[in-house]
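*Asks:* only geometry, no sequence info:
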C-alpha cells in the first residue's frame, strides 16, 4: 500500500497495538506465580539483561554490514543497536499459552516459562520506552542531559498512571448493565483512547515545556489490563472480550503491517535476518545458562531452558512498526529486518518449545477423547440391567469397572465380572482387590448391602460408597458411615420434580445439553492453595457448583479461599473440564 494510505490507517494500528498490549497484560496473574517467584525473577533478570547487552554490542560492531546503518554516526549506531536489542528481548505470551494448552503442559518448568514470558513482555515495554526516547533524541539531535532523563522517567510514570486510570474506566464499563455489544465497543474506544490521550499529552507538554513527556501507550495498555485482571472482579468478562476480539484485531494488524512492507527489501535483508536469528538464539542460550545456575534450577534446564523463548509475535512486530513509523529515513528497513527475523522465530520457535516440554516430561498431550476420569476404578455389587448400564457408562468415561455378583450364569466379554458364592466376609476377602475410587451397592436386599458395607469399611476403608436403600432403618445406618444413599422411588420423584422446575439444569446434569458434563476435581496444585475462587483463571463456560472440604459441603462465593484437598464440583464443556482438571490437579 502507498505510504499515504498507511498513514491514514494509523488509527487502526494504534487500536491493534492497544488490544495486543491488553492481551499481554491479561496473562500476568500474580497469584498463580508464587511457588516459582524466585526462579521467575532471576531468569527474567538474566534473559532481559544478557540478551539486551550482548545483542546491542554485537549489532553495533557489525553495523558496517547493515546497509541503512553505514551512514549513521557512532551515537546513532548505538541507539539503533539498542532498539534491535530491545526487539530481541520481546517474547509472545499468546504463542506460549497456545503451545502450553496444546501440549497440556504443567509443572515447575512450565510455570517458570510462563512467568518469565509475561513479565519480560511487560519489562520490554519499559525498556523500549527508554531506548526509543533515547534513539529519537540522538538521531534528531536533541540534547540528552539530566533534564531529558528526568522527563523520560516522569513520562514512564505518567504512562503507568494513565493505564491505571483507563483500567478504572474499563472496570466501570464491565460493571455496567449495558448490553454486551455496547460494552465491547466502549472498551475498543478506550483502547484507542489510550493512544489518543498519550499523543495529546505529548503535544501539550511540548507546547508547555518545549519538550514532550515521552508517553508509552503500550505500557499504559498493559497496566490497564493488569489492573482489571488482578484487582477487579471482572477478569473473566475482560478475558472473554479479548478472546472474542483479538483474532479480528490480529488479522487487521498483520494485514496492514504486511501491506506496508516492500517485497524487494524483504528479499534483500534475509541474510541479515538469518544472522540476527542465530545471534538471538546464542544470547538466549547464554542468558538461560546464567538464569538456571543463578536460580539453582535442575541442570537439565541448561539444555532446553532457552527453547521456549524463541517464538515472537504481536508485541515484537508492534514495536518494530512503531520504529518504522518514527524514523522515515531507515525505519522501514529496520522493520523489514525484524519481521523477517520474527518469521524465522515463528517457524522454529513452536517445535523447539514442544521439544523442551517433552524433554522435561511436562507435556501431557491432549487426547482425542475426553478422559477426565482416566485411571479411576469402581466396584459394583449386584448384576442387573441397572448395574450393567452404569458400568458401561463409567467405562465410556475412562473408568475401570468390576461387577461383583453371586450369579453363576453371568459371562461377559465387555465387562469385568467377579464371581462370589455369596456376599459374605469369607468370600469377599478372597477377591484380589485393587485400590478403588468408588463402591456402588445395588443389591435389592438392604441387609446384604449393609453386610458388604461393614466389610468394606473394616477392611478397605473406601473413599466413596453409593448405595440404593429401600428402608428408613438401613438408610440411617448407612448415612452414619458416610454413605451416599439413594431410595429409588424418591430419587425418581426428585429428578422428575427438578426436571419440571428447571429443565435446562436437568438436561445438563443428564448430559443431554450438548457436550457438557459435571465432574469433581481435587485441588492439588500448590499455586492455587490460598487463592480466592474469584481469582481462579477458568474457561468461560465453567461453573463451580459447590466445594467439599473435610466431608462438609460448602456453597461457594467469590471470596472462598481454596485449601489443598478441597473437592470442587464443576460443570462445563468437556474440553474446558479437561483443562481445569489438568490445572487443578497438577502437583
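*Replies:* Here it is on my side, so go on. In this text the structure is predicted, and so the values were computed from the model without any measurement. Numbering: from 1, shown residues only.

*Asks:* check contacts around the residue lying farthest from the centre of the chain.
*Replies:* What lies farthest from the middle of the chain is residue 421; by C-alpha atoms, centre = their mean that is 53.8 Å. When contacts are counted by C-beta atoms under 8 Å, 6 or more residues apart in numbering, residue 421 touches 406, 427. Every C-beta, even on glycine, is put in place using the N, C-alpha and C of the backbone.

*Asks:* you'd agree it is in a helix?
*Replies:* No: under the criterion used here (DSSP: H, G, I helix; E, B strand; the rest coil), residue 421 is coil, not part of a helix.

*Asks:* quick one: it and residue 430, what's the gap?
*Replies:* 9 Å (C-beta to C-beta, to the nearest Å).

*Asks:* cool, residue 558 as well?
*Replies:* Residue 558 is 51 Å from residue 430, by C-beta to C-beta.

*Asks:* Ok, residue 390 next?
*Replies:* Relative to residue 430, and taking C-beta to C-beta, residue 390 is found at 24 Å.

*Asks:* When these two are compared, which one has more neighbours?
*Replies:* Per other C-beta atoms under 10 Å, whichever of residue 390 and residue 430 has more neighbours is residue 390, with 18 against 11.

*Asks:* List the residues that contact the more buried one.
*Replies:* 380, 440, 442 are the contacts of residue 390 under C-beta under 8 Å, 6+ apart.

*Asks:* Does the first one touch residue 392 like I think?
*Replies:* No: distance between residue 380 and residue 392: 10.9 Å, which falls outside the contact criterion (C-beta atoms under 8 Å).

*Asks:* neighbour count winner among those two?
*Replies:* Each of residue 380 and residue 392 has its neighbours counted (other C-beta under 10 Å); residue 380 has more, 25 against 12.

*Asks:* bridging residues for the more buried one?
*Replies:* In this entry, residue 380 is beta-bridged to residue 403, residue 440, by DSSP bridges.

*Asks:* Quick check: which ranges of the stretch 1-150 of the chain have low pLDDT?
*Replies:* Residues of the stretch 1-150 of the chain meeting the criterion pLDDT under 70: 1-8, 30-35, 94, 101, 104, 142-148.

*Asks:* can you give me the helices for it?
*Replies:* 3-8, 10-26, 37-61, 74-89, 93-103, 108-139, 146-175 (DSSP state H, counting those that start in this stretch).

*Asks:* Might you report the residue contacts of the closest residue to residue 416 other than its chain neighbours?
*Replies:* Using C-beta to C-beta, 6 or more residues apart in numbering and skipping residues adjacent in sequence, the residue nearest residue 416 is residue 402, 4.6 Å away. Contact analysis of residue 402 by C-beta under 8 Å, 6+ apart lists 377, 378, 379, 380, 416, 417, 418.

*Asks:* if we can go back for a sec, what would the helices of the stretch 1-150 of the chain look like in TSV with mean neighbour count and distance to residue 269?
*Replies:* Output for those, formatted as TSV (neighbours: other C-beta atoms under 10 Å; distance: least, C-beta to C-beta, whole Å):
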stretch	mean neighbour count	distance to residue 269
helix 3-8	11	19
helix 10-26	23	22
helix 37-61	20	14
helix 74-89	23	13
helix 93-103	19	23
helix 108-139	23	19
helix 146-175	17	31
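
*Asks:* Select, out of those helices, the one closest to residue 237.
*Replies:* Ranking the helices of the stretch 1-150 of the chain by proximity to residue 237 (C-beta to C-beta) places helix 146-175 first, at 4.9 Å.

*Asks:* after the closest one comes which helix or strand?
*Replies:* helix 180-209 (DSSP states H and E).

*Asks:* which other helices and strands contact that following helix?
*Replies:* helix 10-26, helix 146-175, helix 217-231, helix 235-259 (3 or more C-beta pairs under 8 Å, 6 or more residues apart in numbering; DSSP states H and E).

*Asks:* What mean pLDDT does the third one get?
*Replies:* To tie it back to what came earlier, the one meant is helix 217-231. Averaged across helix 217-231, pLDDT comes to 86.

*Asks:* same for that helix, what does it pack against?
*Replies:* By 3+ C-beta pairs under 8 Å, 6+ apart, helix 217-231 packs against helix 10-26, helix 108-139, helix 146-175, helix 180-209, helix 235-259, helix 314-326.

*Asks:* Which one of the ones you listed lies nearest to residue 580?
*Replies:* helix 235-259 (13.2 Å).

*Asks:* Would you confirm that residue 183 contacts residue 175?
*Replies:* No: contact criterion C-beta under 8 Å: residue 183 and residue 175 do not qualify, at 9.8 Å.

*Asks:* Specify the residue ranges that define each domain of the chain.
*Replies:* Following automatic domain parsing, one gets these domains for the chain: 3-359, 377-492, 506-584.

*Asks:* Let me have the ones you listed in a markdown table, extended by distance to residue 500.
*Replies:* Formatted as a markdown table, the domains of the chain follow (distance: least, C-beta to C-beta, whole Å):
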| stretch | distance to residue 500 |
| --- | --- |
| domain 3-359 | 31 |
| domain 377-492 | 13 |
| domain 506-584 | 9 |
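
*Asks:* which one of the ones you listed is the most hemmed in?
*Replies:* Stretch with highest mean neighbour count among those: domain 3-359 (a mean of 19; mean count of other C-beta atoms under 10 Å).

*Asks:* Distance from the chain centre to it, please.
*Replies:* The chain centroid and the centroid of domain 3-359 are separated by 18 Å under C-alpha atoms, centre = their mean, to the nearest Å.

*Asks:* Ok, stretch 452-461 next?
*Replies:* So, by C-alpha atoms, centre = their mean, the centroid of stretch 452-461 is 43 Å from its chain's centroid.

*Asks:* for the record, mean pLDDT for it?
*Replies:* Computed over stretch 452-461, the average pLDDT equals 84.

*Asks:* which residues in the stretch 301-450 of the chain form helices?
*Replies:* Under DSSP H, counting those that start in this stretch, the stretch 301-450 of the chain gives helices at 301-304, 314-326, 331-359, 385-396, 425-428, 446-459.

*Asks:* Figure out which of these is closest to residue 220.
*Replies:* For these, proximity to residue 220 was assessed by C-beta to C-beta; helix 314-326 is nearest, at 13.6 Å.

*Asks:* tell me, what residue is most central in this protein?
*Replies:* residue 97 (5.1 Å).

*Asks:* and the nearest residue to that one once chain neighbours are set aside, how far is that from residue 57?
*Replies:* Nearest residue to residue 97, sequence neighbours excluded (C-beta to C-beta, 6+ apart): residue 27, at 6.5 Å. From residue 27 over to residue 57 the distance is 31 Å, taken as C-beta to C-beta.

*Asks:* next one: residue 484
*Replies:* For residue 484, the distance to residue 57 - C-beta to C-beta - is 68 Å.

*Asks:* Tell me where the stretch 251-400 of the chain is predicted with low confidence.
*Replies:* In the stretch 251-400 of the chain (pLDDT under 70), the answer is 257-266, 314, 364-375.

*Asks:* cool, and the stretch 401-550 of the chain?
*Replies:* Looking at the stretch 401-550 of the chain by pLDDT under 70, you get 498-499, 502-515.

*Asks:* hang on, residue 547 in a strand?
*Replies:* Yes: counting by three-state DSSP, residue 547 falls inside a strand.

*Asks:* Nice, that's everything, thank you.
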